[in-house]
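> Next one to model:
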Amino acid sequence: MLHIAPHIEIPDSEIQLHAIRSQGAGGQHVNKVSTAIHLRFNFAASSLPAFYKEELLKLRDHRISKEGVITIKAQQHRTQERNREDALERLSLLIQSVAIPKKKRKPTKPTKGSQNRRIEGKKRQGRLKQLRGTIE
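You can find the predicted model right below:
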């Protein structure tokens, strides 16, 4: 069971974990040992509450497909167990990030001083360009 919130858990049967070979440097060890973990979680067909499913689909994340499948590849650590823990932790953090309410933007106006500095800069630039013209 993966704990997301006090009242929300994901059963292990809904998470697919596959061991694959890691990429990158590492010599012979990396070529013969499958330590990387490829995690797939189909949240569209899972037991997650509808709110989480809707918010996850709204996310613009490369790990989430249009069909509602989260794909995470963990290969930072040398052991399969650590990579499995890392992948599950990243899945948990991704799902938990959806539950945090977004702050509304408070529109602000530029200060009088900043408006004056902007206008002065534009006037200065205009005078400089005027001097570049042909002399009569």
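
> Please state the offset of the helix or strand of the chain with the lowest mean pLDDT from the chain centre?
Lowest on mean pLDDT, DSSP states H and E among the helices and strands of the chain sits helix 28-32, with a mean of 77. Computed by CA atoms, centre = their mean, to the nearest Å, the chain-centroid distance of helix 28-32 equals 30 Å.

> cool, and stretch 23-38?
25 Å.

> Just the CA atoms of stretch 124-136, as CSV, please.
Output of stretch 124-136 as CSV, limited to C-alpha atoms (Å, rounded to 0.1, in the frame of the first residue of the first chain):
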residue,chain,number,x,y,z
ARG,A,124,16.1,59.4,-23.3
GLN,A,125,16.1,56.6,-26.0
GLY,A,126,14.0,58.8,-28.3
ARG,A,127,16.4,61.8,-28.0
LEU,A,128,19.4,59.5,-28.7
LYS,A,129,17.7,58.2,-31.9
GLN,A,130,16.9,61.8,-32.9
LEU,A,131,20.5,62.7,-32.7
ARG,A,132,21.4,59.9,-35.2
GLY,A,133,19.4,61.6,-37.9
THR,A,134,20.8,63.7,-40.8
ILE,A,135,22.0,67.1,-39.9
GLU,A,136,20.5,70.0,-41.8
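
> what does the average pLDDT come to for it?
The average pLDDT within stretch 124-136 is 88.

> next one: stretch 3-11
pLDDT averaged over stretch 3-11 gives 82.

> Give me the buried stretch members for that stretch, please.
Neighbour counts over stretch 3-11 (16 or more other CB atoms under 10 Å) mark Ile4, Ile10 as buried. To be clear about C-beta, it is placed using only N, CA and C from the backbone, and glycine gets the same treatment.
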